[in-house]
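Participant: What shape does this take:
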Amino acid sequence: MGNSSYGFVTALPPGGDRSYNACLVLVDQYSKTPMFLPFPEDETAMDTAIMIWNKAISHTGLFQNIISDRDPKFTSALWTNLHNLFGTKLSFSTAYHPQADGLQERMIQTLEEMIRRFCAYDLEFKDSDGFTHDWCTLIPALELAYKTSIHSSTGKTPAMLEKGWNPRLPYDTLKKDLADIHPTASSLKLMLGKARHHANECMQDSFKYAKERLDKSHKATELKMGDLVPVSTLNFNNIKGPKKLKYSFAGTFMIKAPHGPNAVQLELTGELMNKHPTFPVSLMKPYSSSDKELFTLRNKPPPEIPPLEEGEENKIVKVLKERRTRNKKEREYLVRYRNPTQ
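Facilitator: Just a heads-up that it's a prediction; the model follows:
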């Protein structure tokens, strides 16, 4: 198989026999075929690997490249070593930006919206044996509805691209009237019909919401290597000082290297030195330096420090700021001397 995208949808209402509260979403990049796997949110990387092996690999085989967010399960040493053994390349989306490429942007977020809408409806049935069917047992209806719907980018259904044919849908082939029907079969027919209707509504609503969101927020920003850019501090929670008073943008920082059309690697300095250097371009804005002729004082060099006379000492009045160096073994201090020229 080719490329696949993984992502977790968390904080779902508990469902199923194990009180699943999350859903692992797997998407094949070629066919756009999704797979929804209910999952306990507190499971380990080993549990995730075993579940994918048992429920996904048997259908899809091993992928050549997997794109995912930076969930601890996907960045663990076990997960990395396991895929190195299989020859699978792991690619991660950038910090504070779940879009590693167009598929991640369009598919994972749209499918997450579909799943959240589907689960929020609290669709639930009880059969004649008293067993409760909640979102965990009904979510295959959502998966099937997506697989059999025409995708805008391919003009075909994901099922057609994956298998070469569209599957027969059970709710389309059900006979409407039978002379003698078992009560459980009748309730199953009702459950399938309502689940199908609700799945289609969630799918169409999520498509509409995703389009409105992307059209509103996506603006192309042309950046190249060597440019200076300020970075939004929207997701920086550890910058010193009151959160309400922090600057909207930090920097400027130089672009060291591009990472596809949507992200760049920055040369970080100061308080941001220890952060991951790759950021999405949506968190940056173009920077224009001041005109040297109009704003001469802004480019004025600092005054020269006069040499100390014999017997004179520099005395520190106040420590203004401190920080750790990149290796975290040394500290640097910003101080104020008694002599104001120093």
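Participant: low pLDDT regions in the stretch 151-300 of the chain?
Facilitator: For the stretch 151-300 of the chain, the stretches with pLDDT under 70 are 170-192, 207, 209-222, 234-247, 260-262, 289-300.
Participant: quick one: the helices in it?
Facilitator: 158-163, 170-173, 183-217 (DSSP state H, counting those that start in this stretch).
Participant: Export the first one to CSV, keeping only CA atoms.
Facilitator: As requested, the backbone C-alpha atoms of helix 158-163 are provided in CSV (Å, rounded to 0.1, in the frame of the first residue of the first chain):
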residue,chain,number,x,y,z
PRO,A,158,-13.5,5.4,-2.0
ALA,A,159,-14.9,1.9,-2.2
MET,A,160,-14.7,1.9,-6.0
LEU,A,161,-11.1,3.0,-5.9
GLU,A,162,-10.1,0.5,-3.2
LYS,A,163,-12.0,-2.6,-4.4
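Participant: Buried ones in it, by neighbour count?
Facilitator: Pro158, Ala159, Met160, Leu161, Glu162 (16 or more other C-beta atoms under 10 Å). From N, CA and C alone the C-beta is placed, and that goes for glycine too.
Participant: Quick one: list the elements packing against it.
Facilitator: helix 135-147 (3 or more C-beta pairs under 8 Å, 6 or more residues apart in numbering; DSSP states H and E).
Participant: Tell me the helices and strands packed up against the helix it packs on.
Facilitator: strand 34-39, helix 109-120, helix 158-163, helix 183-217.
Participant: which residues are in contact with that helix?
Facilitator: 12-13, 15-16, 20, 23, 33-36, 38, 111, 114-115, 118-119, 123, 125, 157-159, 162, 167, 169, 191-192, 195-196, 198-200, 202-203 (C-beta atoms under 8 Å, 6 or more residues apart in numbering).
Participant: Give me the mean pLDDT for that helix.
Facilitator: The average of the pLDDT scores along helix 135-147 is 82.
Participant: Could you check the angle that helix makes with strand 34-39?
Facilitator: Between the axes of helix 135-147 and strand 34-39, defined by axes from the mean of the first three to the mean of the last three C-alpha atoms, to 10 degrees, the angle is 170 degrees.
Participant: Just the buried residues of helix 135-147, please?
Facilitator: Residues of helix 135-147 classed as buried by neighbour count (16+ other C-beta under 10 Å): Trp135, Cys136, Thr137, Leu138, Ile139, Ala141, Leu142, Glu143, Leu144, Ala145, Tyr146, Lys147.
Participant: about what we covered before: could you identify the buried members of the contacts of helix 135-147?
Facilitator: Using 16+ other C-beta under 10 Å as the burial test, the contacts of helix 135-147 include 12, 15-16, 20, 23, 33-36, 38, 111, 114-115, 118-119, 123, 125, 157-159, 162, 191-192, 195-196, 198-199, 202-203 as buried.
Participant: Break this protein into its domains for me.
Facilitator: 3-217, 220-307 (automatic domain parsing).
Participant: before we move on, the earlier item: with distance to Val281 added, can I get the buried residues of helix 158-163 in JSON lines?
Facilitator: JSON lines is the format used below for those (distance: C-beta to C-beta, whole Å):
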{"residue": "Pro158", "distance to Val281": "29"}
{"residue": "Ala159", "distance to Val281": "35"}
{"residue": "Met160", "distance to Val281": "35"}
{"residue": "Leu161", "distance to Val281": "31"}
{"residue": "Glu162", "distance to Val281": "33"}
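Participant: and the nearest residue to Thr269 once chain neighbours are set aside, what does it touch?
Facilitator: Leaving aside its chain neighbours, Thr269 sits nearest to Phe253 (6.9 Å; criterion: C-beta to C-beta, 6 or more residues apart in numbering). Going by C-beta under 8 Å, 6+ apart, Phe253 touches Leu228, Val229, Pro230, Val231, Leu266, Glu267, Leu268, Thr269, Leu272.
Participant: which residues does Phe253 bridge with?
Facilitator: Note on Phe253: beta-bridge partners by DSSP bridges are Val229.
Participant: any idea how far it lies from Pro277?
Facilitator: From Phe253 across to Pro277, the span is 9 Å (C-beta to C-beta, to the nearest Å).
Participant: so what sits against both of these two?
Facilitator: Common neighbours of Phe253 and Pro277 (C-beta under 8 Å, 6+ apart) are Leu266, Glu267, Leu268.
Participant: Just the buried subset of the residues you listed, written out for PyMOL, thanks.
Facilitator: Here is the PyMOL command that picks out the buried ones among the shared contacts of Phe253 and Pro277, judged by 16+ other C-beta under 10 Å:
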select buried, resi 266+268
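Participant: Now render the shared contacts of Phe253 and Pro277 as CSV, adding distance to Tyr337.
Facilitator: Listed next are those as CSV, based on distance: C-beta to C-beta, whole Å:
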residue, distance to Tyr337
Leu266, 33
Glu267, 30
Leu268, 29
